[in-house]
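Student: Coordinates for the following, if possible.
(chains A and B)
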Amino acid sequence: MRHLLSTRDLSRDEAIELLDIAEDMADVQLREVKKLPTLRGRTVVNLFFEDSTRTKVSFEAAAKRLSADVISFSAKGSSVSKGESLKDTAQTLAAIGADAVVIRHGSSGAPLVLAQSGWIDAGVLNAGDGTHEHPTQALLDAFTLRRRIHGSASRGRGLDGVRVTIVGDILHSRVARSNVWLLSTLGAEVNLVAPPTLLPVDLANWPVSVGYDLDDAIDAQPDAVMMLRIQLERMHAAFFPNSREYSRAWGLDDERFARLRADSIVMHPGPMNRGLEISSRAADSPQSSVLEQVANGVSVRMAALYLLLSGEKGE
Amino acid sequence: MAESYLIRGASLADGTTSDILLDGGIIAEVGTGLSAAGARVVDADGLIALPGLVDLHTHLREPGYEQSETILTGTRAAAAGGFTAVFAMANTAPVADTAGVVEQELALGDAAGYATVQPIGAVTVGLQGERLAELGAMARSRANVRVFSDDGFCVSDALLMRRALEYVKAFDGVIAQHAQDPRLTQGAQMNEGALSGELGLAGWPAVAEEAIIARDVLLAEHVGSRLHICHVSTAGSVDVIRWAKARGIQVTAEVTPHHLLLTEDLISGYDARFKVNPPLRRREDVEAVRAALADGTIDIVATDHAPHPSESKECEWDAAANGMVGLESALSVVHASVVENGLLDWTDVSRVLSQTPARIGRIRGHGEAIAVGAAPEIVLYDPSASRSWGTADLAGRSVNSPYLGRTLPGRVVATFHHGYATVLDGAVLETAEIAAAAREARA
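Tutor: Next up, the predicted model:
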């Protein structure tokens, strides 16, 4: 794999291969010595134009456990925030000798622009771009679902027939987009639930069903419910009236949680707004996979870095 | 003594073949077998002669943004594209909102000599949308401004728009509206639809254009004024304008070459060369604006030539500037989008790219049919040529063309302005030579 930019262009075989490698990486995490020598001497740059402690730490851990040298480059307080262009930053990293660039950027498409620019020869790994995609998040979600459902028999399998309901701000969510493509590629049935204002105007090309009513979606007994973080500033742009109304209509509260099947999985990419889109009882229940998702994130990102850096260049 | 030119054997738009003699500051003779005595002969066998093209919507960037374009470089691009007159949009720095700025632009255009530069005046002071600029002073200045526009910004305040429409009636002016509801397009990055949702780019809904056009045609009707709609890009806008014209409202409309040819799916790779305002739209919209140009609902093609330096395009999508250069490629793109498929013939092309824009802009000495006594503004176009578009085909300062690497039909072989050549054998003539010819023509 030359780059990992989106789940949209991952084939089923590619996705399953990556998830299977992540299983191997997860096995390593159970050992006393968690470190592999695989990427010794390779340099991974974490280039974060947006704040994200969780994703950055996860990528750092993944790269270090593969013995790569890690350079973290935050936009805040650096020359990037003083108007240095993506091009200049990329050329600087190329001069430093980066083998892979993990990029988080507020502008949709920035990782693709970087990958196609010719400014840098390194593999590019999208760690979240604007409201476009966040492929490793979707891969860790798929990994988590697969482990919950298939356990130790996960290797080689997809998510065929698994019914996943994604709830919340679909319009602005790169997590939702990446999950829609990946989960459906893996055979899952994806249902989106959101206020109409927080859905893209035309979803005809998306492999999903869409509803506005969370209670209907809960009553359909999905295998997993993925709650998205709602950003409160959205209400100032008239996407919804206020947090109380949002929570009443689209929050996974105790009552809705209680109506889910006992083996329904409750997911959240974090960080959570407890009491807004998800109740503490749901978040902290055994059905919740929130902390597994974090742990699995490291395994999945190890797999992605491994595939990026062990593959042939220039394919 | 200015050089005279005998254009030998050109095809006129109506299909007839004729010689054309440019002499003494006019088209002196039109006919077959004209004598070449004393004139420089230009072989136009197989070439179409059209009246010099007139662009009602050009960004020349001077004063203020000379790193993108100057009046000299922009009019070189115009000449390369067969244009002999360009209307210069007001979003310069300082903004063209006073008589002083528009007179300066006029003078710089005259001195350069590649094309007539007709300044457009800002509707509001500093394009701020708050109070009217000195429209009358600009109209009565040497620049003789008749077109007023805040292009780049919409005159979104309904009362201000009404007043502007009313006020310019005093001097037969027209308000050219950039129809874009600012609230509906906050942060907008591309046409809102299936693709914007997929790419995660903030949507620019068609209704943000259509709602302003609907409001403005009704305002124009109410006050009995002339309204011009810049760069119409959606099928819904076409419907509104068609309705307004049927009702007798004095509205005219333009479409850009790029909205006649390109669709939003080019944006999939986040290549900022395709970022433009209004955004590229759906295939259905392209079909609608083509049909509207053919049936007269849309009156003219105007380039919206918008040069930007490379750093404004070599970057992530959100950070990139809106706009494309378009003067050099306009005729070829019109050829590719509406002539090759038979929607327009060459008479129609001379109407939509020369006669009607000159009439809307009330500019003299341009847009006249090729006939004895008419202004010697002519372009010779080779319709059988074909070329892979490259930066060598661009003659302005910036290279943000969406057509680079694309094959386009046709080629401008020669352009004549004020009776002298600005382009010969497909090459733009030297700056000093043109400036001297312009001085001579003025003398």
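Student: so what's residue B:425 up against?
Tutor: If you count contacts by C-beta atoms under 8 Å, 6 or more residues apart in numbering or on different chains, residue B:425 has them with B:413-414. C-beta: built from backbone N, CA, C; applies to glycine.
Student: Would you mind listing what in chain B touches chain A?
Tutor: Within chain B, the positions near chain A by C-beta under 8 Å from any C-beta of the partner chain are B:189, B:192-194, B:196-203, B:205, B:269-272, B:311, B:314-319.
Student: please redo it, this time with the cut-off set to 6 Å
Tutor: By the rule C-beta under 6 Å from any C-beta of the partner chain, the part of chain B lying against chain A is B:192-194, B:197, B:200-201, B:270, B:314-318.
Student: Would you mind writing the PyMOL command to select the buried ones in these?
Tutor: For anyone working in PyMOL, the buried entries among the residues of chain B next to chain A, judged by 16 or more other C-beta atoms under 10 Å in any protein chain shown, can be selected with:
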select buried, chain B and resi 192+193+194+197+200+201+270+314+315+316+317+318
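Student: Residue B:435: which of the residues of chain B next to chain A is nearest?
Tutor: residue B:314 (33.3 Å; C-beta to C-beta).
Student: For the helix or strand residue B:384 falls within, give the mean pLDDT please.
Tutor: Assigned by DSSP states H and E, residue B:384 belongs to strand B:378-388. Confidence for strand B:378-388, expressed as mean pLDDT, is 98.
Student: what packs against the biggest helix by length in chain B?
Tutor: In chain B, taking DSSP state H as the definition, the longest helix is helix B:206-223. Judged by 3 or more C-beta pairs under 6 Å, 6 or more residues apart in numbering or on different chains; DSSP states H and E, helix B:206-223 is in contact with helix B:158-167, strand B:227-229, helix B:235-246.
Student: quick one on the thing from earlier: which two of the residues of chain B next to chain A have the greatest separation?
Tutor: Once C-beta to C-beta is applied, the residues of chain B next to chain A give B:194 and B:314 as the farthest pair, at 27.8 Å.
Student: mind listing what residue A:192 touches?
Tutor: A:166, A:170, A:208, A:210 (C-beta atoms under 6 Å, 6 or more residues apart in numbering or on different chains).
Student: Correct me if wrong, but it is in a strand.
Tutor: Yes. Residue A:192 forms part of a strand when assessed by DSSP: H, G, I helix; E, B strand; the rest coil.
Student: residues from chain A in reach of chain B?
Tutor: A:85-87, A:107-110, A:112-113, A:130-132, A:200-202, A:204-205.
Student: mind running it again at 7 Å?
Tutor: Neighbours of chain B within chain A, by C-beta under 7 Å from any C-beta of the partner chain: A:85-87, A:105, A:107-110, A:112-113, A:116, A:130-132, A:174, A:177, A:200-205.
Student: how close does the residue of the stretch 151-300 of chain A found nearest chain B sit to residue B:330?
Tutor: Across the stretch 151-300 of chain A, the shortest distance to chain B (C-beta to the nearest C-beta) belongs to residue A:200, at 2.8 Å. Distance from residue A:200 to residue B:330, counting by C-beta to C-beta, to the nearest Å: 34 Å.
Student: which of the residues in the longest helix of chain B are buried?
Tutor: B:206, B:208-221, B:223.
Student: Check those and tell me the two furthest apart.
Tutor: Longest span within these, C-beta to C-beta: B:206 and B:223, 26.4 Å.
Student: Run through the strands of chain A in chain order.
Tutor: Per DSSP state E, chain A carries strands over the ranges A:43-48, A:69-74, A:100-105, A:123-129, A:163-167, A:189-193, A:208-211, A:224-227, A:265-267.
Student: Direction included, what does the fifth one pair up with?
Tutor: Strand A:163-167 sits in its sheet next to strand A:189-193 (parallel), strand A:224-227 (parallel), going by DSSP bridges.
Student: Might you report the residue contacts of the most centrally placed residue in chain A?
Tutor: Nearest to the mean C-alpha position of chain A, by C-alpha atoms, centre = their mean, lies residue A:137 at 1.4 Å. For residue A:137, the contact set (C-beta atoms under 7 Å, 6 or more residues apart in numbering or on different chains) comprises A:175, A:178, A:269.
Student: what's the neighbour count on the closest residue in space to the last one that isn't next to it in sequence?
Tutor: What sits nearest to residue A:269 in space, not counting adjacent residues and going by C-beta to C-beta, 6 or more residues apart in numbering or on different chains, is residue A:175, at 4.8 Å. Other residues within reach of residue A:175, judged by other C-beta atoms under 10 Å in any protein chain shown, total 25.
Student: pLDDT wise, what is the closest residue to residue B:219 other than its chain neighbours at?
Tutor: Of all residues not flanking residue B:219 in the chain, residue B:162 sits nearest, at 5.1 Å (C-beta to C-beta, 6+ apart). pLDDT recorded at residue B:162 is 98.
Student: Could you report the neighbour count for residue B:162?
Tutor: Neighbour tally, residue B:162, other C-beta under 10 Å: 18.
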